[in-house]
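Undergrad: Please find the sequence and the predicted model below.
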Amino acid sequence: MTNNESRRRKRNSKNKDKKLLQEKRVAASNCEINNNNINNDDGVDMISKLSDDILISIISRLTVAEAVCTSILSTRWRGLHKYITRLDFSPTSKQLQAFKEEEEFRLHKVGHDNRLFEEELIRKCTSVIDRTLDSNNGGSILEEIRFYLPWFQITTCLNESWPIESGLVERWLDFAFSKQVQTIHLHINTVHLRVPFSYSNFTSINKTLKEISLNGIDLDDEGLRLLLSNFIALERLSIKRSDKLSDVHILGDYLIAPKLKHLSISACWDIKSIEIRDMMNLESLRFYHLRLIDYELVLENLPRLVELDTNCRKVGIEILTRGNVISEQLVKLKLSTYGPIFDMYDYTRLPKLANLKHVKLECSIYRDCSFHQLVLFIDACPLLQELEIKLTSRWVEVQYYYMEEVKSSNEHLKKVKMSGLSGCPCEIEIGSYIVRKATALEELVMEICPDKNDRSRQRARARVHKCFQPILRDSVNFVLV
């Protein structure tokens, strides 16, 4: 009886093994079938089986140089780059590195006069752009064009005349407008030269362009007026490094740029006045690196303006301390200065910034008034939700400032970040004041200044941790970088 049971168990075990082996063979066969569905006998992958429209959509998200390289993948991809709907002439990282190495080599070989190399570089980049535009068959419509000439910034002085043919920029813009482009970036990466520009392209009505960014193009007052008057769908305008802009007048009652939402003006050193009135859709203003010593600034009837970003302290002071409708309707503010936030005679006139919720300040510590200014500014923002303070520099003699007691709490302030810290007592004091004021604080980020050596950074981290950890609630996410 025992022997019979033993034989029966062996037979059952063998049957189970055979059944399991058969299941494995079936599974392996299914995997092989699936693999054959993905990779055919002729080696064509599934991506290459996609339609031309989908493949063109994929490579349109690449730069022009990267899109051209897809032609070597297989014959299926060859020539598709001529039909892309987005032309981005910005350099790849490999191109950028190669040109920088070439420039360094020539700099050590021929001294500091690198003029011939840079002129040749400009001509080469121009040739690439011209050939690409001539070969583009992307139909009647392009979504976006980004011109970068040359591919990295030239810092030496070239000859007084631009080393390429006149009218080239205008021809590129004519091509873009003929393709009903919605976004144009035209950036000339030279420090000392500006490209002469005739605004013949801006004399006719354009209903498709929504964004234009001009860098290093000498656009004058009349060119700006024509651009704003005739590009009726324009929503975003950025002008940088234009030496011919003098009087900027953007007046909505003259039907100028009725849909304009975002305006950025930077490094236009000869501007004497800025007047912006009756722009019903304008949401954000950005003013950077403007001289504005003797200037006139007029901002009136901008009902949707909620964001201001500037490193021109005089602009920030003039807007914030007026106590007008503009300062009261701001929601986001980024103010970068090379000194204290306000002059000593200005911060005492700071009104309530009733709607300000997101603030980023980049400022220096300069005597005790800097901390008093910060306290008054924070107190003037009753609905503040996020606050970031970046300390760019500090005076050595500033060591300690006794902060006043918190007079009013802020139950809306959730996130606070302080960077550029050295761990000195005055920084600890201002941070402590903010923590005591923010009764509903959720996150505190403290970042030590990266310019210090390792030992100084460790000591600063230890000091900051020792001072802040005991006064924070357990629910606060405390991050010390």
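TA: It's in.
Undergrad: contacts for stretch 472-481?
TA: Applying CB atoms under 8 Å, 6 or more residues apart in numbering, the external contacts of stretch 472-481 come out as 435, 441-448, 461, 464-465, 468-469. Placement of C-beta: from N, CA and C, glycine included.
Undergrad: For that stretch, measure first residue to last.
TA: With CA to CA, to the nearest Å applied, stretch 472-481 spans 17 Å between its terminal residues.
Undergrad: again, but for stretch 226-235
TA: Using CA to CA, the distance between the terminal residues of stretch 226-235 is 15 Å.
Undergrad: Next, the buried residues of it.
TA: Under the neighbour-count criterion of 16 or more other CB atoms under 10 Å, stretch 226-235 has 226-228, 230-235 buried.
Undergrad: mind putting the residues you listed in TSV, distance to residue 387 and secondary structure included?
TA: As requested, these are exported to TSV (distance: CB to CB, whole Å; DSSP: H, G, I helix; E, B strand; the rest coil):
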residue	distance to residue 387	secondary structure
226	42	helix
227	37	helix
228	35	helix
230	42	helix
231	37	strand
232	39	coil
233	37	coil
234	33	coil
235	29	coil
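Undergrad: now, which of the contacts of stretch 472-481 lie within strands?
TA: The strands, defined by DSSP state E, take in 443-448 from these.
Undergrad: ok, back up a step: out of the buried residues of stretch 226-235, who's nearest residue 187?
TA: Of all the buried residues of stretch 226-235, residue 187 sits closest to residue 227, with 16.6 Å by CB to CB.
Undergrad: Look up the pLDDT of the closest one for me, please.
TA: For residue 227, the pLDDT comes out at 92.
Undergrad: so which of the ones in strands among the contacts of stretch 472-481 would you say is closest to residue 199?
TA: Closest to residue 199, out of all of the ones in strands among the contacts of stretch 472-481 and judged by CB to CB, is residue 447, at 45.5 Å.
Undergrad: In this structure the closest one contacts residue 423, no?
TA: No: at 11.4 Å, residue 447 does not count as touching residue 423 under the criterion of CB atoms under 8 Å.
Undergrad: So for the two, which residue has more residues nearby?
TA: More crowded of residue 447 and residue 423, by other CB atoms under 10 Å: residue 423, with 21 against 17.
Undergrad: Tell me the secondary structure at that one.
TA: coil (DSSP: H, G, I helix; E, B strand; the rest coil).
Undergrad: Now it: closest residue in space that isn't a chain neighbour?
TA: Closest residue to residue 423 apart from its sequence neighbours, by CB to CB, 6 or more residues apart in numbering: residue 460 at 3.3 Å.
Undergrad: need the contact list for the one you found.
TA: With contacts defined as CB under 8 Å, 6+ apart, residue 460 is in contact with 421-423, 448-449, 452.
Undergrad: mind listing the helices for the protein?
TA: For the chain, applying DSSP state H gives helices covering 2-38, 52-59, 64-69, 93-110, 115-135, 168-178, 221-230, 313-320, 325-329, 367-379, 425-437, 454-468.
Undergrad: can you tell me which of the ones you listed the model trusts least?
TA: Minimum mean pLDDT among the helices of the chain: helix 2-38, a mean of 53.
Undergrad: Tell me the bridge partners for the closest residue to residue 262 other than its chain neighbours.
TA: Spatial nearest neighbour of residue 262, chain neighbours left out: residue 236 (4.4 Å); criterion: CB to CB, 6+ apart. Note on residue 236: beta-bridge partners residue 211, residue 262, judged by DSSP bridges.
Undergrad: quick one: residue 236 and residue 210 touch, right?
TA: Yes: if you go by CB under 8 Å, residue 236 and residue 210 touch, sitting 6.8 Å apart.
Undergrad: Can you give me the neighbour number for residue 53?
TA: When neighbours are counted by other CB under 10 Å, residue 53 registers 9.
Undergrad: next one: the one 10 residues further on
TA: For residue 63, the neighbour count with other CB under 10 Å is 19.
Undergrad: Provide a list of residues in contact with it.
TA: 88-92.
Undergrad: So which of those are in strands?
TA: Per DSSP E, these map to strands at residue 88.
Undergrad: now the contacts of residue 63: which count as buried?
TA: 88-89, 91.
Undergrad: Residue 206: how many residues sit nearby?
TA: Neighbour count of residue 206, defined by other CB under 10 Å: 17.
Undergrad: Help me confirm that it comes into contact with residue 229.
TA: No: taking contacts as CB under 8 Å, residue 206 lies outside contact range of residue 229: 10.4 Å.
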